[in-house]
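>>> Have a look; sequence and predicted model below, questions after that.
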Amino acid sequence: MAAENTRSQQGRRRGGGIRRSSSVTFHRRLWLVRRLVRGAATAHELVTDAQHTFGKEIYPHNVTAALHHDFDALRELFDCTIKRMHDGCYALVDYGHLALLDLNDEELETLSFMVTLFSANVTPNAVQVQRLLERIIALLPTERRAIFNSATRHLRLEVPETITQPDVELLKRLQHHLGQQYIRFRYRSTHSPAHIEEEHRVAPYRLLVRDDHTYLEAFCLAAPHAEIINRYVTYQVDRIIPESLVVEPKRMPPTAPPRKTWQIRYRLTAQVARQRDIALWFTNSSVTFLPDGSAEITAQTTDLWQARQILFCYREHCQVLEPPELIDMIRTSLQKMQECYQ
């Protein structure tokens, strides 16, 4: 009787060991799929990452054989394709039945919107977003991917095309140092002849996209034009000479210099405003609709140049009432336009 109990306990221990071993192997292979979805890696990187996640004992002594057993099991179970590339990295090149992500119809429409939105390269990171969306689409089940690919794109995004694009490496370097360190660069300004490259030293704060151009918003510390020193300046990134960028070791203070703010006030004619669906372009906009159907808008801006660009879109349907600096800018522009068309 005692011998039978001993054999039974040994069997349970063996059975428990098998179950634990199967569970560990299953989780290891599931993790391996996730790791390959993240990107290609060498065998050493895969094993090292697995050991970092689960512990050294996650793979037996014969690591290479166990890893290849995992690959074979995944190929057989999910009909996926795992290839060893020329650089020695293993890549999940075809997901097979690995439908790791499923989306309902509304979410597919949202994904379609994002694909359309970023297909025009209107943002500095558009290419990276496109690659991310491609990876998300690849994770869909075959039937959902077919529905997505056959769907009609009802959204059309119209943006102007530009001849030049910002240098990719320059954008990466700028993004890395925003709000962190002072920088210097040479710049092709519209205020100087085409062959002149101006030297600027700035405190960089953010990148912004406007009219399909990418701009660097920075506080100017040194430049050939006295009127922009100690002021925020919006630099067009593709006019910065990429190889001229120098990052200074000195770090910027945690608090940015205050921005000068102007109150602007303008009136839109009844032809534009009477439907009461006007756009509020500026911060803290307040609208007063007048009896004749026109509207008076009071708001704030930190960029008079951009304010002029926006309000020009209304043509004869807009009258700027303040500030005086903006009125002068518009008068000068109108005078030059008149001279151009005479």
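Cool, the structure landed.

>>> what's across from the residue nearest to residue 322 when sequence neighbours are not counted in the sheet?
Among residues not flanking residue 322 along the chain, residue 265 sits closest, at 4.6 Å (Cβ to Cβ, 6 or more residues apart in numbering). (Glycine included, C-beta is placed from N, CA and C.) Beta bridges link residue 265 to residue 298, residue 322, judged by DSSP bridges.

>>> Can you tell me how far residue 265 is from residue 288?
Distance of residue 265 to residue 288, given as Cβ to Cβ, to the nearest Å: 10 Å.

>>> ok so, going back, what distance do you get for the residue nearest to residue 322 to residue 307?
Taken as Cβ to Cβ, the span from residue 265 to residue 307 is 11 Å.

>>> Report the distance from stretch 202-209 to the chain centre.
15 Å (Cα atoms, centre = their mean, to the nearest Å).

>>> Let me see the mean pLDDT of it.
For stretch 202-209, mean pLDDT is 94.

>>> Residues in contact with stretch 80-97: which ones?
For stretch 80-97, the external contacting residues (Cβ atoms under 8 Å, 6 or more residues apart in numbering) are 33, 36-37, 40-43, 46, 71, 74-75, 78-79, 98, 138-139.

>>> What's the PyMOL syntax to select whichever of those residues are buried?
To isolate the buried ones among the contacts of stretch 80-97 in PyMOL, judged by 16 or more other Cβ atoms under 10 Å, type:
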select buried, resi 33+36+40+41+43+46+71+74+78+98+139
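
>>> Quick check: which of the contacts of stretch 80-97 has the minimum pLDDT.
Ranking the contacts of stretch 80-97 by pLDDT puts residue 98 at the bottom, with 83.

>>> contacting residues around the residue nearest to that residue when sequence neighbours are not counted?
Nearest residue to residue 98 in three dimensions, chain neighbours excluded: residue 78, at 4.8 Å (Cβ to Cβ, 6+ apart). Contact analysis of residue 78 by Cβ under 8 Å, 6+ apart lists 33, 95-98.

>>> switch to 6 Å and redo it
Residue 78 makes contacts with 96-98, as judged by Cβ atoms under 6 Å, 6 or more residues apart in numbering.

>>> and which of those residues is nearest residue 27?
Of all these, residue 98 has the smallest distance to residue 27: 15.9 Å, by Cβ to Cβ.

>>> Can you tell me the SS state at the closest one?
Assigned by DSSP: H, G, I helix; E, B strand; the rest coil, the conformation of residue 98 is coil.

>>> what bridges to residue 202?
Applying DSSP bridges to residue 202 gives these bridge partners: residue 183, residue 220.

>>> Could you report the distance from it to residue 102?
In this view, residue 202 and residue 102 are 47 Å apart by Cβ to Cβ.

>>> Ok, residue 263 next?
Distance from residue 263 to residue 102, by Cβ to Cβ: 52 Å.

>>> ditto for residue 252
The spacing between residue 252 and residue 102, counted by Cβ to Cβ, is 45 Å.

>>> now swap in residue 135 and tell me
Distance from residue 135 to residue 102, by Cβ to Cβ: 15 Å.

>>> now residue 143
Distance of residue 143 to residue 102, computed by Cβ to Cβ: 10 Å.
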